[in-house]
Each structure stands twice: as C-alpha cells, then as structure tokens.
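1. Have a look at this prediction, sequence included:
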Amino acid sequence: MNGFVGFVLRRAVGTLVTLAAISVIVYVVFYVTPGNVAQITCGPRCSPAQVQQVADQLHLADPLYERYWHFLQGLVAGQDYSTGTAVQHCPAPCLGLSYQSDQQVTELILTKLPVSLSLVLGAMVMWLILGVGTGVLSAWRRGRLTERVLTGITLVGVATPVFVIGLVLMIVVCGELELLPFPQYVKFTDDPEQWAWNLLLPWLSLALIEAAAFARLTRASMLETLAEDHIRTFRAYGVGERSVIGRHALRGAFAPVIALNANNVGSAVGGAVLTETLFGLPGIGRELVHAVDVVDLPVVVGMVLVIGFFVVIANAVADVLYAVADRRVVLA
Amino acid sequence: MSLVRTTDLTVAFDGLRAVDGLSFTLAEGAALALVGESGSGKSTVASALLGLHRGTGARVGGSVEVAGVDVQRASEDELRRLRGARAAMVFQDPLSSLDPYYAIGDQIAEVYRVHTRASRRTARARAVEVLDRVGIADAGRRSRARPHEFSGGMRQRALIAMALACEPALLIADEPTTALDVTVQAQILDLLHTLREETGMGLLLVTHDVGVAAESADEVLVMRHGRVVEHGPVAEVLGNPAASYTRELLGAVPRLDTPRAAADRKVVAGAAADGGAADGGAADGVVLEAVGLRREFGRGKRTFAAVDDVSLTVRRGETLGIVGESGSGKTTLGRMLVGLLEPTAGRILPGGGVRPDVQMVFQDPVSSLNPRRSVGESIADPLRARARGRAAAPPGSGPAPGREPVRDEAGIRGRVRELLERVGLEGAHYDRYPHEFSGGQRQRVGIARALAADPRVIVCDEPVSALDVTTQAQVVALLDELRRELGLALVFVAHDLAVVRQVSDRVAVMRRGRIVEYGPADEVYGSPRDPYTKQLLAAVPALDPAVAAARRATRRTARRHLAEV
C-alpha cells in the first residue's frame, strides 16, 4: 500500500506541473496571436476611446509575465475585479472573468462541466459494452459470417462522422418513430429519469463512433492472446471453449482496452464538440470553441486546464486499473 | 490393453508431412521417450494423442487410441473428457504455459472442476494437495501466487501438479525440462520418476535430449522426418544402436567423460602470423586479462552484483569455457569482456598493451541478424566501420593489429565472400537473407561477422544452445578449427557442461556472479573440488540407463540427507 501512496503523490505533483505548463503555453499562444483583442471584446461599433478603455480594464498592455503572475495570484488567493461600474470579488480558485460576459470563469466551468461529464461517462458505459462485446463476438466467431458482418459494421462506425449518425438517429427515433423527445439537457439533480431519457441519443451516437475502435482493439488483442501457449494448455486440459474465450482470452484484452478508454474519456470531456453542438448540449467543448472565436483568454485557459486535468486523471486511473488487472505491473 | 496405440499415424500441414506412418503402442504404466531433432515430428505426435490438431487445418490420418478413446472418431465432448482427466500434458515452456493473470491454484482448480463435479472449495483444496505433492513448499500460500512469482522449476512443478490433479492414466511431457537449468532438470526428472512409481501412470516423453530419455524412459523411439528410425528398450537403443542415424545422433551428443584429444589443441604453426608476439602480444600469449571485474544492476537498496570480483586470463589459441546456470552472471561477464557493458569496478587489460580486438558471437542466430538486410551486408558492417575508423584516425596512432582495412566496395565484397567461405558457406550467399538459412547456417553467418573485424578474441555467448545436437557438433568443430588455424582465443560461455568440456582448455564455473572453480578442464571435470561443481556434474543426465538409475539413487539419498539435517 506504501507504493500506492507514493504513486498518488508522484502523480499529483506531475499533474500540477503539467497543468502549469499548459497554462503558460496557452498564455504565450494568445499573446503572440495577431488581432486586436480589445476591439473584438468591445464589439465592432465601439469608438477608439471605448476600445482603449477596454484594453486598460483587461490589462492588455501589460507585459506577458505580469499578466500571468496576475492569473496565478487569482488562482491562489482570489481577486477583486472592477468591471467599470462595480467591483466583483472572485474567490480563491479564481480563473478570472470572461472578457465577454464578465462572468467568473470558475462559475462558468461549474455549470458546463456536469453536462460534459454526463455525456462522456454515459457514452463510455455504452461504448465499452458495445465495443468489447462486439470484439469478443468477432474473435470467438473468427472467419465465420458473424465476424464478417460485425467487422463490416465497425468499419462503417469508424468511417461515419458523428453528425451523420446523430442526425440519422434523431430523425428516425425522434422524428419518424416519435419514441423519444428531441434531446434537451435536463439536470440530473432536477430529474434523473428525464436526464437519462434526454441523453440517450447523444450517448448512443457518441458511443457508436467510439465503440468501433474498441471492437477492433478487443478483437485483435483477444486473437493475439488466443495464439499464446497458455490458451493451448487449457484446451489440452479439456477446458471448454466458452471458458477459454471468456475467462482467459478476454483477460488479455483488458490492458489495451483500459489504455484506449482512458485516452478517449479524457479527450471527450472537452472534445465532444460535434455531439454537444448537434444535440444542443451546453458542455465544455462548445463553450471552448466559442471562447476561442472571440479570443476570450480567461475562459480558454480555464477550459483547457479542466480538460488537461481530466486527461491526466483518466490516465492515472488507467495506470491503477492496469496494476489491478495484471499483478506483474508495478505502479511507479 | 495398451494405454496408447497409434497405427499408421500421419499428420500433414499444407501437404507437408510432419508425421508419416507412425505406429507404436505404450503399455499401461510404461514409459516411452520420443527422441528426435527439430522437425522430426515428435511434438506433433504428442499433440495428435490429445486430438489437439482438430480445427487447426492439419490433416490427421491413421488411427490413434488413447486410454480407450478413439481420438480420431471421438466427439468434441468425449475428447474434452479425455484431455486432462485420463491423459494430461505437460508443456515445454512453463512460463508461457500458465495464464499470467490468474493464481496458480485457481488455474489447477479450474481444470479439476472441468472434470469433476467438485465444489470450488474442494477443487481449491485439491489444487493445494497436488502442489504439495510435487514438492512446492508451503503450498497453501504459494497456490495464491501468480506464475511470474514462481521460479522456472516451480512453474514446471505447478504444471505437473495440474496434470496430476485428475489422476490421469497417461502423462504426456513435451520437452518438460528444456527451458530449465541442469540441476532443476534433474529434480523434475526425479519427480516424474517418483510420481510414476507411486501412481502407476504411463509416461510419453518427447525430448531432443538423449540423456533425458535415458534418465526417464523404459523404451526409446527415435524419429526423423516424421518416421520411426529405431524403437526398442532404452539400454539397447542407446547402448547398441542399430540404425546409422541413431549412431550419428549419439555420436554428436557431447559427453562429460571424454576429454578432447591433446593433438588437436595445438595452434597450426605459423597461423595468424599477424597475431601473437608479432604485434606485441605478451610473451606468455595472454591476449586479454580481467582483474576484479564487478558489475552492479539497479540502484539504492535494490542494487545487486551480477558479476562480483571475477579475474581471469585468456591466452592466444586457447579456449576458456565459462559455465554456469541461469542468473550466474556468465552473460554479463561475456558482455563486459567485449565492451558492451562497462564494469562497475575492475579492469580489462589487453595482453601486452595492445587493443584487445574482441568480437562476439550471440546466442540466438535468428534475432541477432537483421532480417531486413542480406547476410553479406551484415558481415560487411564491421569492415566498413573499421575502414571509417582507420580513415579518421591519424596515421601511426597506435599499433594496428590484423590486416590493413579494405576501403573500396569491391574489396569489401571480396573479403565478405572470403569470410563466408571460411565458415563453410558459399560466397554466392552474399545477397541472401537470414530467413533463407537454417539455424546452423545462421550461426555460421554470425561467426563470419565476428571474424570480419579481425579479432584476436571471440566471446561466444551460448553459441550452440539453440541448435540441434548434430548441428551443434558442426558449429563447435568450426569454432575449434578457426581457433587452431587463425590462432584465435575463444571465450565460450554456455550452460551445457558437456559442450563446455568438449571445447575448453580451461574452465571457469560461475555461481551467483562469482567464479567458484577455475582451472584446466580435465581437472575441473575430473576431480572437482567445489561442492557446487560436483552438484552440477551429478545433475547432468547420463546416457546409460543403469548409470542414470544409480545417479538418481545418489541424488535421492543426498536429498533425504539434507532434509534430515
């Protein structure tokens, strides 16, 4: 267990370093990006004087390191912001105020994050069931019709963009068959049942795309395991094929599936933009794209840090699961 | 009724006949060894006995009857009931033959539950019982370990325990000791012998090692190209072989008790005029000297010394054998001598102050050659490297042993052809790729590559352990010829005591990183002083079944003695 504590500590430090590096990179990138930020923020009809006022307010003329230092101070100690008419206090993990709406970025994230997490975690359950299930079936039925049909379906899954699948699903399920209402985000805390019904289609369309990759990976790793010597041992000892496949061969597919899953979950938190847009879900991805459009630096930095955080955490969880699944793995 | 009866068994893969009309019977409780070199079809026979070729695309003809089951006609269910319950198989590589993800006890219990209607708890208890039976100490606790937590010998014991779980009438053992050290091999063979005495089960042993067959079987069946060469009682076949192939096979087996002829030892007069004293080699012929070598791996608390305080000398025209079991540090030592590893402490001195020019021949001729380059290119590499090195160095900077490096392409090609011919291949083989060669030929390419740099010392790390005995003998002969004719010094690193004896003038026995015995080969083998050397020598299988039985008895008393102390 001592090793586990050490592992967590090392990972925590690693996460902080990674996030610090990400924030610096985002600051630098936005600093060197051409374009008049004050003008964009203020709007096209602003007079030069108004633009100058906005630039002063946002400290756009300050040198890069000063602005970054300012950001760090807010993060650790909180910050008071003057928005021209009033003073707003932004408490401790303060990521600043949106240039556009003066809303606190921390608050903004807290409203968007549950939407993204609902979408991604639900979809994850679906893609694991669909993907691993399909993979096992096609490894088991290798060379037969079942496998060829499944391989064909997964190929289509890999090749079809999410907006096509999602749109088709929506038209058929909600429009033609009227089985479900057109999706609309309902908070889990408000009504769990409606939450699930409304997310069903977004989950399914995101999962269908991702499941294809899992199916192929599961199939490949299982076939690899099936060729190994210990599988021969169990066959030579009269162990039935169901047990050989379900107990021994499937176990060999765990590690790669865990690794791929960690990657996908981590990146889907901020990367499911298409799904969010298509189904009108107010999640992180959509907000981030919008913020980049209007050069809303505090929002971009905040969102990117949250996404980075989830990618790092997902990978740390994957490492722990590795070690649980395979005792030969030592956490380090 | 016989336990196994095959009539005209043939197994063909894609039209290639691996087994061709094999008929034999095995009586209940008897032990038969199938002996042959790689490609003889012996393992294919073992798999056919359990119907393991079903669904693999292999075509099996003739009839196979095992423990009353007609394997050819049996349904899948009947076959499953045969496998593991009445006939159980022990495989060669005990690490890969167990599932790495599950506890060993659970794997044995799973097999037991397939064949009995036992509860989980009963099956688990049975697993512990059989693990205890095969000599795993503290079996209850160890049964929860996973395969990687077991040593090689323990894993093989665990596999045998799995085989024993359902008390089969027949045990099929496919090269059960090939991956093991010689002392562990002796323990496993003794275990099989004891189990047979106590349970009365029959044994079908598949092996390439005639000594292992002599130790464990009553009858021997020698196979070649899928056919029977000779079949009879073990003492008769090994003692007085009728077939010429059997004689050839036995002749190629290196023996512990034959010292090499002294006449052969001499370096051909005038050989390698550019070696030895001519270019400053020490007067006593020492070309390489290691003093107090130590090599550590790991850091902090986990540091361990793979090689610890090893000193030795290598002389011109002489073979130094380094023998030891796995983990003894022999490979690490070899790599330090070549310069592939830096010693943590100690020094390697070239004899007479000359750059030592040490080259290496590796164990696995398959993976030590680049499969994407022609063998000629592989051999040319050291020549080109040398040409570049010399071109870069200012003239007169240090002595240049060996011939002048060739720089032009035609010269290099010519030299490679020469080298290929020197090791018994053809110059025209330059443009062929490694996969076009047999194992023995590939090892010859490896030797040619080592020779290309004009070394004075060649370190051979297990150069023949991946080869069949007849091929092994040829490669050993080649190395010896090169030593004599070129005045090379050889360092021969191997685990096989008999091979080392066959080639070495002097021998160093290693254990846990240290040299426990070091001296002329005849002395070390003839009158070993160190107890570990004695133990090693006692563990080597004897070719004579009577001697084998006597040795086994000695080992048994020794073990009992140890247990009492």
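-> On my side now, so go ahead.
2. So for stretch A:32-42, mean pLDDT?
-> For stretch A:32-42, mean pLDDT is 78.
3. what about it, distance to the chain center?
-> 29 Å (C-alpha atoms, centre = their mean, to the nearest Å).
4. ok, now stretch B:370-379?
-> 25 Å.
5. Contact residues of the stretch 101-250 of chain B facing chain A?
-> B:101-102, B:110-111, B:114-115, B:146, B:148, B:159, B:162 (C-beta under 8 Å from any C-beta of the partner chain). C-beta here means a position set from N, CA and C on the backbone, and glycine is covered the same way.
6. Now, of those residues, which are buried?
-> B:101-102, B:110-111, B:114-115, B:146, B:159, B:162 (16 or more other C-beta atoms under 10 Å in any protein chain shown).
7. re the thing from before, got TSV for the residues of the stretch 101-250 of chain B next to chain A, with pLDDT and secondary structure too?
-> Below are those laid out as TSV (pLDDT from 0 to 100; DSSP: H, G, I helix; E, B strand; the rest coil):
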residue	pLDDT	secondary structure
B:Y101	89	coil
B:Y102	92	coil
B:E110	94	helix
B:V111	94	helix
B:V114	92	helix
B:H115	93	helix
B:R146	91	coil
B:H148	88	helix
B:L159	93	helix
B:M162	94	helix
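8. Now the two most distant members of these.
-> B:H115 and B:H148 (26.9 Å; C-beta to C-beta).
9. still on that earlier bit, now the residues of the stretch 101-250 of chain B next to chain A in JSON lines, with distance to B:V375?
-> JSON lines is the format used below for these (distance: C-beta to C-beta, whole Å):
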{"residue": "B:Y101", "distance to B:V375": "41"}
{"residue": "B:Y102", "distance to B:V375": "43"}
{"residue": "B:E110", "distance to B:V375": "47"}
{"residue": "B:V111", "distance to B:V375": "46"}
{"residue": "B:V114", "distance to B:V375": "49"}
{"residue": "B:H115", "distance to B:V375": "51"}
{"residue": "B:R146", "distance to B:V375": "41"}
{"residue": "B:H148", "distance to B:V375": "37"}
{"residue": "B:L159", "distance to B:V375": "38"}
{"residue": "B:M162", "distance to B:V375": "43"}
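10. could you point out which element follows the lowest-mean-pLDDT helix or strand in chain A?
-> Lowest on mean pLDDT, DSSP states H and E among the helices and strands of chain A sits strand A:79-82, with a mean of 76. Once the chain leaves strand A:79-82, the next helix or strand it forms, by DSSP states H and E, is strand A:87-90.
11. The helix or strand following that next one near chain B anywhere?
-> Counting by DSSP H and E, the next helix or strand C-terminal to strand A:87-90 is helix A:105-140. No. Applying C-beta under 8 Å from any C-beta, one finds helix A:105-140 separated from chain B by no less than 13.1 Å.
12. And helix A:105-140, what's buried?
-> Buried residues in helix A:105-140 (16+ other C-beta under 10 Å): A:105-106, A:108-109, A:112-120, A:122-124, A:126-128, A:130-132, A:134-140.
13. The residue sitting nearest the centre point of chain A: what's its closest spatial neighbour, skipping adjacent residues?
-> Closest to where the C-alpha atoms of chain A average out (C-alpha atoms, centre = their mean) is A:V269, at 2.0 Å. Nearest-residue entry for A:V269: A:F310, 4.4 Å, with adjacent residues in sequence omitted and distances by C-beta to C-beta, 6 or more residues apart in numbering or on different chains.
14. now swap in B:S38 and tell me
-> Excluding the flanking residues, the one nearest B:S38 by C-beta to C-beta, 6+ apart is B:D468, at 5.5 Å.
15. CA atoms of the least confident helix or strand of chain A as CSV?
-> C-alpha atoms of strand A:79-82 as CSV (Å, rounded to 0.1, in the frame of the first residue of the first chain):
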residue,chain,number,x,y,z
GLN,A,79,-9.1,38.5,-6.9
ASP,A,80,-11.2,41.7,-7.0
TYR,A,81,-12.3,42.8,-10.4
SER,A,82,-13.5,46.2,-11.3
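16. Direction included, what does that strand pair against?
-> strand A:87-90 (antiparallel) (DSSP bridges).
17. I'd like the mean pLDDT over the partner strand, please.
-> Here the average pLDDT along strand A:87-90 is 80.
18. TSV for the buried ones among the residues of the stretch 101-250 of chain B next to chain A, including distance to A:N315?
-> Putting those into TSV (distance: C-beta to C-beta, whole Å) gives the following:
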residue	distance to A:N315
B:Y101	22
B:Y102	26
B:E110	33
B:V111	37
B:V114	39
B:H115	44
B:R146	25
B:L159	37
B:M162	38
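19. with those residues in mind, which one is nearest to B:V500?
-> B:L159 (29.1 Å).
20. Tell me which residues touch the closest one, please.
-> For B:L159, the contacting residues are A:233, B:90-91, B:94, B:97-98, B:176, by C-beta atoms under 8 Å, 6 or more residues apart in numbering or on different chains.
21. Out of those, which is nearest to B:G140?
-> Closest to B:G140, out of all of these and judged by C-beta to C-beta, is B:L98, at 18.5 Å.
22. Identify the residue spatially nearest to that closest one, adjacent ones excluded.
-> B:P147 is the one closest to B:L98 (C-beta to C-beta, 6+ apart), at 4.2 Å.
23. For A:R327, see how far away that neighbour is.
-> Distance of B:P147 to A:R327, computed by C-beta to C-beta, to the nearest Å: 10 Å.
24. These two: who's more crowded?
-> Each of B:P147 and A:R327 has its neighbours counted (other C-beta atoms under 10 Å in any protein chain shown); B:P147 has more, 24 against 16.
25. That one: what's it in contact with?
-> B:94-95, B:98-100, B:104, B:155, B:158.
26. Give the buried subset of those residues as a ChimeraX selection command.
-> Entered in ChimeraX, the line below selects the buried ones among the contacts of B:P147, by 16+ other C-beta under 10 Å:
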select /B:94,98,99,100,104,155,158
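27. Please convert the contacts of B:P147 to TSV, extending it with pLDDT.
-> Below are the contacts of B:P147 laid out as TSV (pLDDT from 0 to 100):
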residue	pLDDT
B:P94	78
B:L95	80
B:L98	92
B:D99	92
B:P100	90
B:I104	94
B:R155	91
B:A158	93
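28. quick revisit: any idea which of the contacts of B:L159 is closest to B:L333?
-> B:P94 (26.8 Å).
29. Where does that closest one sit: helix, strand or coil?
-> Following DSSP: H, G, I helix; E, B strand; the rest coil, B:P94 is assigned to coil.
30. Quick check: closest non-adjacent residue to it.
-> B:R155 (3.5 Å).
31. and if you look at B:L34?
-> B:K42 (4.4 Å).
32. quick one on the thing from earlier: identify the residues contacting the least confident helix or strand of chain A?
-> With C-beta under 8 Å, 6+ apart, strand A:79-82 has contacts from A:57, A:70, A:73, A:87-90, A:94, A:96-97, A:102.
33. Show me what counts as buried in it.
-> In strand A:79-82, counting by 16+ other C-beta under 10 Å, buried: A:79, A:81.
34. Then stretch B:40-58?
-> Buried, per 16+ other C-beta under 10 Å, within stretch B:40-58: B:40-54, B:58.
35. So the chain: which segments form each domain?
-> Going with chain A. A:2-104, A:106-325 (automatic domain parsing).
36. The chain in question should be chain B.
-> Split by automatic domain parsing, chain B gives B:256-357+B:455-530, B:372-454.
37. Export those as TSV, with columns for mean pLDDT and mean neighbour count.
-> Output for those, formatted as TSV (pLDDT from 0 to 100; neighbours: other C-beta atoms under 10 Å in any protein chain shown):
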stretch	mean pLDDT	mean neighbour count
domain B:256-357+B:455-530	84	19
domain B:372-454	81	17
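38. Could you dump those into TSV and include distance to A:T189?
-> What follows is the domains of chain B, written out as TSV (distance: least, C-beta to C-beta, whole Å):
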stretch	distance to A:T189
domain B:256-357+B:455-530	51
domain B:372-454	61
